[in-house]
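# have a look at this prediction, sequence included:
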Amino acid sequence: MSPRTLYDKLIDSHTVARLDDCTGPGSEILLYIDRTVLNEYTSPQAFSGLREAGRRVWRPGAALAVVDHVNPTAPNRGAAMPDAGGAQQVRYLGENCRDFGIELFDVLHPLQGIEHVVAPELGFILPGMIVGAGDSHTTTYGALGALGFGIGTSDIEHYLATQTLRYRRMRTMRIMLDGILSPGVTAKDVVMALIRTMGASGATGYAVEFAGKGIAALPVEGRMTICNMAVEGGARGVIMAPDEAVFNYLTDKPRAPKGNVWEAAIQHWSTLHSDPDAVFDREVSLQAAEIEPLVTWGISPDQAAPVGGRVPDPGAEPDADRRRDMARALAYMDLAPGTALETVRIQRAFIGSCTNARLSDLREAAGVLRGRRIADGVRGMVVPGSSSVRRAAEAEGLDRVFIEAGFEWRQSGCSLCLAMNDDMLAPGERCASSTNRNFEGRQGAGGRTHLMSPAMVAAAAVTGHLTDVRRFAREN
Ligand SMILES: CC(C)[C@H](C(=O)O)[C@@H](O)C(=O)O
Ligand code: SF4
């Protein structure tokens, strides 16, 4: 057999039937999906479809449901939702899980959290799996050696009824991260650098495999940050070959296999990598040493610059479409060309989301905040990625560090990542945010989002303006 990429191997081993006469990219197959994660926001119509057709869920145990998008994150929250729409979605998810036999982590469940944080920490996602779920950031699971991708509502229904999806094979791209990151530069900066270089649709149509020394050197949670946000570069399907670090990460996870099954699993997982001479449709490489801490200045994740740089000048952009997009972004963001990014003042600081609210992210941010206070006029919020992350952080005293620095220490959920609950920016407020999307109004109508790593959010909160976190390292 000719050499194959890891993507090809996973697709081949999950192909139930070919639906056309083609074999390469674009060919349509019926693909077996190992697991899914459901949320209150994208699952309702899928369940309604099942109910109307009188169908049952084929393998209820392969699905896990969580409430994450619409719930409040107030420290003393109860089961009540902020608005009637959210309340209805949460109630219906509860009803559906009960009627179709699916496990649910409801708002007050001790394991509640953002789906992409909850599923890995539970050991629900394992190497070699294919995971299709109703949320674009399902790509996160690539970090565990599982091919994850977002699917639409009608696909969720198809999945629930059959455990399969109609799927079009994608082209393959390998992104090599060569070398090792400099101090103060994080996984978030890697993925932001990638999107900045390739553009917000640079990986559209491709399944992306990340590889190279730089990836191998990253802890699994950092790899999740990269796989999570790669979708903002257009990648609908992301994978990294599982290695020792992944096996160590999974070893104590409650739902991971145990005993003999674990041993056998490791044997199999160790075979999950692209063949040495596998051919990718596209190869890209990034030099880790050249990556600097980045912040976005615009309204698309690719509109980013090194924090030490300046707001770009649309007048200097030769391409007319890009020039117009830049001008529009700067008008929305209320930024003048040539402004030093480090002088841009913020009113809000948000550490949260499925990109950057795991324990390691909170540790990094707390490392900057220890012994410091956030600037006057800045409101800071920390929203742990899951209730488990929240407890683990409390066990090591991180909550105290955040609270003493002046941050609010909240319950888990998507929160201010998107204004779909009661956490949002007021019009005109500017936020340093550890999230993944900076679209207009994403964090509230008229709100202005600057994406960056959690340590950079902490640094900005302390000074009151966008700040190169490496200044703090020098002071310490
Ligand atoms: C609500 C959901 C459809 C959406 C997604 O798929 O990503 C959300 O999680 C987001 O981040 O915008
Ligand atoms: S935290 Fe943000 S990006 Fe992640 S699932 Fe929730 S809304 Fe989407």
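Now that the structure is in, tell me what you want to look at. Ligands and ions are numbered 1, 2, ... in the order given.
# get me the contact residues on the stretch 101-250 of the chain for ligand 1.
Residues of the stretch 101-250 of the chain lying close to ligand 1 by CB under 6 Å from any ligand atom are 135-137, 150. The C-beta positions use only the backbone N, C-alpha and C, and glycine is treated the same way.
# how about the strands in the stretch 1-150 of the chain?
Secondary structure of the stretch 1-150 of the chain (DSSP state E, counting those that start in this stretch): strands at 15-18, 28-32, 36-39, 63-66, 103-105, 130-133, 147-150.
# low-confidence bits of the stretch 101-250 of the chain, can you list those?
Residues of the stretch 101-250 of the chain meeting the criterion pLDDT under 70: none.
# what residues does it have near ligand 2?
Applying CB under 6 Å from any ligand atom, one finds that the stretch 101-250 of the chain approaches ligand 2 through 114, 135, 137.
# ok and the residue in the stretch 1-150 of the chain nearest ligand 1?
Proximity of the stretch 1-150 of the chain to ligand 1 (CB to the nearest ligand atom) peaks at Ser136, 3.6 Å away.
# that residue contacts Ile151, correct?
No. Judged on CB atoms under 8 Å, Ser136 makes no contact with Ile151 at a distance of 9.3 Å.
# okay, those two: which has more neighbours?
Applying other CB atoms under 10 Å to Ser136 and Ile151 shows that Ile151 carries more neighbours, namely 24 against 16.
# and the closest residue to Val220 other than its chain neighbours, how far from ligand 2?
The shortest distance from Val220 to any non-neighbouring residue, by CB to CB, 6 or more residues apart in numbering, is to Tyr249 (4.2 Å). Relative to ligand 2, Tyr249 is positioned 20 Å away (CB to the nearest ligand atom, to the nearest Å).
# okay, strands next: where are they in the stretch 201-350 of the chain?
Under DSSP E, counting those that start in this stretch, the stretch 201-350 of the chain gives strands at 206-211, 238-240, 282-287, 294-296, 304-306, 348-351.
# swap in the stretch 351-476 of the chain?
For the stretch 351-476 of the chain, applying DSSP E, counting those that start in this stretch gives strands covering 379-382, 407-409, 430-433, 448-451.
# output these in CSV; the columns should cover mean neighbour count, mean pLDDT and distance to Gly367.
Output for the strands of the stretch 351-476 of the chain, formatted as CSV (neighbours: other CB atoms under 10 Å; pLDDT from 0 to 100; distance: least, CB to CB, whole Å):
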stretch, mean neighbour count, mean pLDDT, distance to Gly367
strand 379-382, 24, 98, 13
strand 407-409, 20, 98, 14
strand 430-433, 28, 99, 16
strand 448-451, 28, 99, 20
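# for Glu221, find the nearest of those.
Nearest to Glu221 among the strands of the stretch 351-476 of the chain is strand 379-382 (16.2 Å), distances taken as CB to CB.
# so is the closest one next to ligand 2?
No. Strand 379-382 stays clear of ligand 2 (CB under 6 Å from any ligand atom), getting no nearer than 13.3 Å.
# name the residues that touch that strand?
Outside strand 379-382, the residues within contact range by CB atoms under 8 Å, 6 or more residues apart in numbering are 347-352, 357, 362, 365, 374, 402, 405-410, 415-416, 423, 461.
# before we move on, the earlier item: need the contact list for the residue of the stretch 1-150 of the chain closest to ligand 1.
Ser136 is in contact with 150, 231, 236, counting by CB under 8 Å, 6+ apart.
# the last one and Arg171 touch, don't they?
Pointing back at Arg236 there. No. The pair Arg236 / Arg171 is not scored as a contact, 11.2 Å apart, by CB under 8 Å.
# those two: who's more crowded?
Taking neighbours as other CB under 10 Å, Arg236 and Arg171 compare with Arg236 leading, 20 against 17.
# any residues in contact with both of Arg236 and Arg171?
With CB under 8 Å, 6+ apart as the test, Arg236 and Arg171 both reach Ala207.
# closest to Ile175 out of the strands of the stretch 351-476 of the chain?
Evaluated over the strands of the stretch 351-476 of the chain, closeness to Ile175 peaks at strand 448-451, with 19.3 Å, by CB to CB.
# partner strands of that closest one and their direction?
With DSSP bridges as the test, strand 448-451 is paired with strand 430-433 (parallel).
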